[in-house]
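Peer 1: Here is my input, please return the structure:
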Amino acid sequence: MTNPYGGGYPSYEPGPNPYDGPAAGARAPFDGVSIAALVCSLTCCAAPVGIGLGVAGIVRTGQGRRSGRWAAVTGLVVGLLVLAAGLAFVVFAVVMGSRTVWEDEASVGQCIDVDLFDDPVKATCGEPHAGEVIWTGRFDGARVEAFGEVPLADFCAALPGLDPAYAEAIVGGDFDVRIETDSFDEDEPDSGDPFFCYLVRADGEKFDGLIGDGVGTEGA
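Peer 2: Just a heads-up that it's a prediction; the model follows:
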């Protein structure tokens, strides 16, 4: 068909569809959300955010609309790993906290074990255990002064009200004396800090029963 006013009709060529991927030869823009996913996933507190951004980044980089899909995938995977590790640590901390023998909650005759960090934890007296609490209380001025001047065994043996059976176990040589204190510096306690003394087998073996009942010196 010819144009009655002269000349030909202008040709029409459709422009690029904004929903299609980048034109051939054009470089796709880098997706900032994917980079944000990777950065957030590397931090413990922001790992859940990194997971969400990673999913969004995977969607945004689909069909080549944007580059950076590797960052979105990496952010998602790392975020999941960090989140799983964080949850595992929380569970571990809760379990350890529930088993710990706290200085202001310990009681004389309480049976204990020793964990991987060499800290006393709760144990059942009827089963093999590592030691037994022999005295609980708080530091005062005199005890703070004595604590730094005498051996630990002598310090615990001289505490008021110590059961004679425990005093005998201290001097008998079958047990070592240990102390657990709530001081910032365990070697320099302050007046008012709670603490407890406890005994463990000198040979490192566990025993059944209670030291105060005359058992534990033969081993299990």
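Peer 1: quick one: the strands in the chain?
Peer 2: Taking DSSP state E as the criterion, the chain contains strands spanning 111-114, 120-122, 131-138, 175-181, 194-201.
Peer 1: Looking at those, which is nearest to Ala85?
Peer 2: Ala85 lies closest to strand 120-122 among the strands of the chain, at 23.3 Å (Cβ to Cβ). The C-beta positions use only the backbone N, C-alpha and C, and glycine is treated the same way.
Peer 1: Mind giving me the packing neighbours of that closest one?
Peer 2: Using 3 or more Cβ pairs under 8 Å, 6 or more residues apart in numbering; DSSP states H and E, the elements in contact with strand 120-122 are helix 69-99, strand 111-114.
Peer 1: Just give me the lowest mean pLDDT stretch among these.
Peer 2: Of all these, helix 69-99 carries the lowest average pLDDT, namely a mean of 83.
Peer 1: excluding its backbone neighbours, what's nearest Lys122?
Peer 2: Closest residue in space to Lys122, ignoring its immediate chain neighbours: Arg99 at 5.2 Å, by Cβ to Cβ, 6 or more residues apart in numbering.
Peer 1: Phe147 now?
Peer 2: The shortest distance from Phe147 to any non-neighbouring residue, by Cβ to Cβ, 6+ apart, is to Phe155 (5.7 Å).
Peer 1: and Val90, how many neighbours does it have?
Peer 2: Using other Cβ atoms under 10 Å, Val90 is surrounded by 10 other residues.
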